[in-house]
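Colleague: Fold the following for me, if possible:
(chains A, B, C and D)
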There are 4 protein chains.
Amino acid sequence: MSNTDAFTLAGKTYQSRLLVGTGKYQDLEETRLATEASGAEIVTVAIRRTNIGQNPNEANLLDVLPPDRYTILPNTAGCYTAEDAVRTCRLARELLDGHDLVKLEVLGDEKTLYPDVVQTLKAAETLVAEGFKVMVYTSDDPIIARELETIGCIAVMPLAAPIGSGLGIQNRYNVLEIVENAQVPVLVDAGVGTASDAAIAMELGCDGVLMNTAIAAAKDPVLMASAMKKAIQAGREAFLAGRMPRKRYASASSPLDGTFF
Amino acid sequence: MSNTDAFTLAGKTYQSRLLVGTGKYQDLEETRLATEASGAEIVTVAIRRTNIGQNPNEANLLDVLPPDRYTILPNTAGCYTAEDAVRTCRLARELLDGHDLVKLEVLGDEKTLYPDVVQTLKAAETLVAEGFKVMVYTSDDPIIARELETIGCIAVMPLAAPIGSGLGIQNRYNVLEIVENAQVPVLVDAGVGTASDAAIAMELGCDGVLMNTAIAAAKDPVLMASAMKKAIQAGREAFLAGRMPRKRYASASSPLDGTFF
Amino acid sequence: MSNTDAFTLAGKTYQSRLLVGTGKYQDLEETRLATEASGAEIVTVAIRRTNIGQNPNEANLLDVLPPDRYTILPNTAGCYTAEDAVRTCRLARELLDGHDLVKLEVLGDEKTLYPDVVQTLKAAETLVAEGFKVMVYTSDDPIIARELETIGCIAVMPLAAPIGSGLGIQNRYNVLEIVENAQVPVLVDAGVGTASDAAIAMELGCDGVLMNTAIAAAKDPVLMASAMKKAIQAGREAFLAGRMPRKRYASASSPLDGTFF
Amino acid sequence: MSNTDAFTLAGKTYQSRLLVGTGKYQDLEETRLATEASGAEIVTVAIRRTNIGQNPNEANLLDVLPPDRYTILPNTAGCYTAEDAVRTCRLARELLDGHDLVKLEVLGDEKTLYPDVVQTLKAAETLVAEGFKVMVYTSDDPIIARELETIGCIAVMPLAAPIGSGLGIQNRYNVLEIVENAQVPVLVDAGVGTASDAAIAMELGCDGVLMNTAIAAAKDPVLMASAMKKAIQAGREAFLAGRMPRKRYASASSPLDGTFF
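Modeller: Prediction:
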């Protein structure tokens, strides 16, 4: 595919549409190898759980994922209120020398890690007002997605299924609805379990996919990272190529009209 | 992925697990470009519909897909009886100087292009006895697949959905059942519509996928061919990497047991 | 099934778990016949679109669906703000002589009729404070469902799919999550298209289903109303009876663990 | 629904479209109660495993399911060759005083209990020639279904999923294809797990459903039998009523054309 399909976020252009998390690996070396195999250029870091310099005597993630090579995307994983999330973003900006790109997530529930969209809206307003460039984890509710875009978020990131579930996209209509109405990039965040799930997200027209467990919890994370890299490219190309119509059989005179069942 | 995952068929080793048809393109140049973009090393040719030298005054498919570069896989598309299919294979062997690798298909119905498995079994017996190396298009019936392997077919090729439908894999349990029981390569043949469909086939453990319409009937066939190449690789790598378990959410203590619905 | 499985709402006990809308019929006679065939005891009425006495010179819905026979459930269809919805509920209470059971819906979008959950939360707080018994239409977001219950709504009514779509339940995990966590009745509201969709909602453990288009837009609404009545009972009984485990085949030693795909 | 929708098989008219098996119950009393709750008028009996008079000193199934009340449908469960199946049918005819209605099943595999369609075709030919009225268990292959009808079987009974799996209908397109082309009744046999599965079979246009494990292996078999009775009626009525079109949302100008994904 030509280079003209690059992905632009916060004024910067990327070749890869796969964003990866950095948690859940056995050690930093596995993190490094899987991240490299994924081809990702943007890596997300849970500020409250990861040492990126807060503890000078411990291993620093940025040693294996250097900011001159990767765009570091601090996230607010583990925050359950708007206040906590805002505070965490401010801390990240300080630690990263004024870096203002963040991934906001405000969770509603420790069990499901489902977002609290009311708190998320509130935090997004504050962060945008403070000059952050906010990518935002949300449910697949198209009305909330639209509202987050109106507030000024630079990317909307609906879940496909609960974080860490690996169930794949549960509601394709909602993801499609969000994609069709958005003027900002839409990235599926959470719920992808295997390569075909990632391809489906891209075939629906998403601009990218963010994942962590699907790679880190595979039996061979590095090989799965490679699979995901290709799946994202495959899905993107299939979207751009325009798939054949679905028909009951080749000789059917018209595409399926969805009225059978 | 290492080179050790090569795919062996009839004693020959291939890098690509994507096999492509050669029909339905606008012209031979599009056929050539899409085939190259697909990375396929095995191309299937409908002997009754394609000039591979029978008509010396017409364009010859083998000029754009030369047999020294591609393994030519003659198929019996358009045959509705065992006799017709056997006769077509013999003709192919003659036209291709003793080439004995064939894809057998005996159709049961012009509308759905569903296989007639009884005629297929009969033709397979004859062809194997005559020394052909038979790859065989069949339904997703695991008992018939086993029988075709017992007869001596070198690859079993269940449909995912009707030829030219683009509906994707309708019955994953049957495909999985065939894969788990087979000692010969299993390739999904027919029914793939887009990249994720191909990835799913590979994630189920299939050894390869054969397709034609999904590429040729895309709006941009060459780009879709590239998508399919990557989807097949992605699905294969995901299969080898071993996907994460599916859970209702990250904190669930055990994988889904399928008892909810 | 014994009579002990009755459904209690706002202190009143019902035999039927099917709630029906009253719009979209050809005329009041069809409304009456379909409602009777459905066996519904609770019928919902769009206060802003239906004459229940506001216009003394026009046909009155309550003439065919008399309040001494049916529980009338006024709804706020067509309201796009909390204020509008609250005002509509107050009007309904006045028209219905102090009746305080209402179905709240605050829409976010004229195209999809998806709920605006932020406005819905706001309206619910006001209505509960004013003594209304609030049944509430919402998305399938489990966090919002929990919040609506915390506010004091007496029933939570997640959509299965967009109003009027007939697509069936798009996200079974979310509906199940809501059901498992709720202390108040959970009813699927919107998106059911045919009988099996209604049965599936009940098999997931929902306490009831509310529908309108699936009956009114069938070719034969009265017969479809009968189908839905039976489907709701069938699904409820299947839920109570406890379904067999899913296995790949009878001889499998354990249920499916969901790890295949 | 009017009485005009009765179901006719081998010249006899039935009110119920639910056929039930008689195995897998705890005792004959549970068999009797569940069968009564199901409303079934046709019950199938595995001749090789059930005492219907062969052993005069043991409990006789016909004592609880008397032939003057139920149509007894002897089946060939446990037969793996055409010869065995034919022999079993002859034995049944003898035991049942010339009764010629049988359900033929020839299995291909002890693990999956999938049919061997080649042996099934062979047995069907013999049995039809000997004057049996043959209802036949088969795969969901539309070509085989058509062939079985051509041979003279009076009903075609495709599986929805493997016997005893409870997975529900795996391939709706194939079942629909069989239904649309058949001149004889089509009944789903095997694979139904819960009430909605049975409703879906009927919504596809099937004439009936035969099940055993879904009832007998439920926690409360008698209640599940009642659920299935209603689900079959619900699905039948929904089929006759003509469901609403599926749309992405109410305001969509046309039904879904199946091209999204």
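Colleague: Report the secondary structure state of A:Y137.
Modeller: Using DSSP: H, G, I helix; E, B strand; the rest coil, the secondary structure recorded for A:Y137 is strand.
Colleague: count of residues packed around the closest residue in space to it that isn't next to it in sequence?
Modeller: Closest residue to A:Y137 in three dimensions, ignoring its sequence neighbours and counting by C-beta to C-beta, 6 or more residues apart in numbering or on different chains: A:E105, at 3.9 Å. C-beta coordinates here come from the backbone N, C-alpha and C atoms, glycine included. Using other C-beta atoms under 10 Å in any protein chain shown, A:E105 is surrounded by 28 other residues.
Colleague: you'd agree A:E105 is up against A:N75?
Modeller: Yes: contact between A:E105 and A:N75 holds when scored by C-beta atoms under 8 Å: they sit 6.0 Å apart.
Colleague: what residues do these two have in common as contacts?
Modeller: Among the neighbours of A:E105, those also in contact with A:N75 (C-beta atoms under 8 Å, 6 or more residues apart in numbering or on different chains) are A:Y137.
Colleague: Can you read off the pLDDT for the residue nearest to A:Y137?
Modeller: With respect to pLDDT, A:E105 has a value of 97.
Colleague: List the contacts of it.
Modeller: Under the criterion of C-beta under 8 Å, 6+ apart, the neighbours of A:E105 are A:N75, A:T76, A:A77, A:C79, A:A85, A:P115, A:T120, A:V136, A:Y137.
Colleague: repeat that for 6 Å
Modeller: Neighbouring residues of A:E105 by C-beta atoms under 6 Å, 6 or more residues apart in numbering or on different chains: A:T76, A:A77, A:Y137.
Colleague: next SSE after the helix or strand of chain A with the lowest mean pLDDT?
Modeller: When the helices and strands of chain A are scored by mean pLDDT, DSSP states H and E, helix A:61-64 comes last with a mean of 92. Sequence order places strand A:71-75 as the next helix or strand after helix A:61-64, per DSSP states H and E.
Colleague: Against which helices or strands is that next one packed?
Modeller: strand A:42-46, strand A:101-104 (3 or more C-beta pairs under 6 Å, 6 or more residues apart in numbering or on different chains; DSSP states H and E).
Colleague: Give me the contact list for that strand.
Modeller: So strand A:71-75 is in contact with A:I42, A:T44, A:V45, A:A46, A:I47, A:A92, A:V102, A:K103, going by C-beta under 6 Å, 6+ apart.
Colleague: right, and the first one touches A:L19 too?
Modeller: By that I understand A:I42. Yes: with contacts defined as C-beta atoms under 6 Å, A:I42 counts as touching A:L19 at a distance of 4.6 Å.
Colleague: Need the residue closest to the centroid of chain A.
Modeller: Geometric centre of chain A, nearest residue: A:L210, 2.8 Å, by C-alpha atoms, centre = their mean.
Colleague: tell me the contacts of it?
Modeller: Applying C-beta under 6 Å, 6+ apart, one finds that A:L210 lies in contact with A:L19, A:L187, A:D189.
Colleague: filter these down to the ones close to chain B.
Modeller: When the contacts of A:L210 are filtered against chain B using C-beta under 6 Å from any C-beta of the partner chain, no residues are retained.
Colleague: Can you tell me which of the residues you listed comes closest to chain C?
Modeller: Lowest distance from chain C to these (C-beta to the nearest C-beta) belongs to A:D189, with 15.4 Å.
Colleague: Would you double-check that A:K229 falls in a strand?
Modeller: No: applying three-state DSSP, one finds A:K229 to be helix, outside a strand.
Colleague: And the pLDDT for it?
Modeller: According to the model, A:K229 scores 98 on pLDDT.
Colleague: Kindly report the same for A:Y249.
Modeller: As summarised for this prediction, A:Y249 has a pLDDT of 88.
Colleague: and the gap between it and B:R172?
Modeller: Computed as C-beta to C-beta, to the nearest Å, the A:Y249 to B:R172 distance reads 20 Å.
Colleague: Max pairwise distance over the contacts of strand A:71-75: which two?
Modeller: Using C-beta to C-beta, the two most remote members of these are A:I42 and A:I47, lying 15.4 Å apart.
Colleague: Kindly provide the distance from A:V64 to A:Q15.
Modeller: From A:V64 across to A:Q15, the span is 21 Å (C-beta to C-beta).
Colleague: Show me which residues of the stretch 101-250 of chain A sit near chain C.
Modeller: By C-beta under 6 Å from any C-beta, the part of the stretch 101-250 of chain A that sits against chain C consists of A:G108, A:D109, A:Y114, A:D116, A:S139, A:D141, A:P142, A:I143, A:Q170, A:N171.
Colleague: Is the nearest residue to A:M211 once chain neighbours are set aside in a helix, a strand, or coil?
Modeller: Distances taken as C-beta to C-beta, 6+ apart put A:V192 closest to A:M211, at 4.8 Å, once the chain neighbours are dropped. Classification of A:V192 into helix, strand or coil gives coil, according to three-state DSSP.
Colleague: these two touch, right, A:V192 and A:G208?
Modeller: No: under the criterion of C-beta under 6 Å, A:V192 is not in contact with A:G208, lying 11.5 Å apart.
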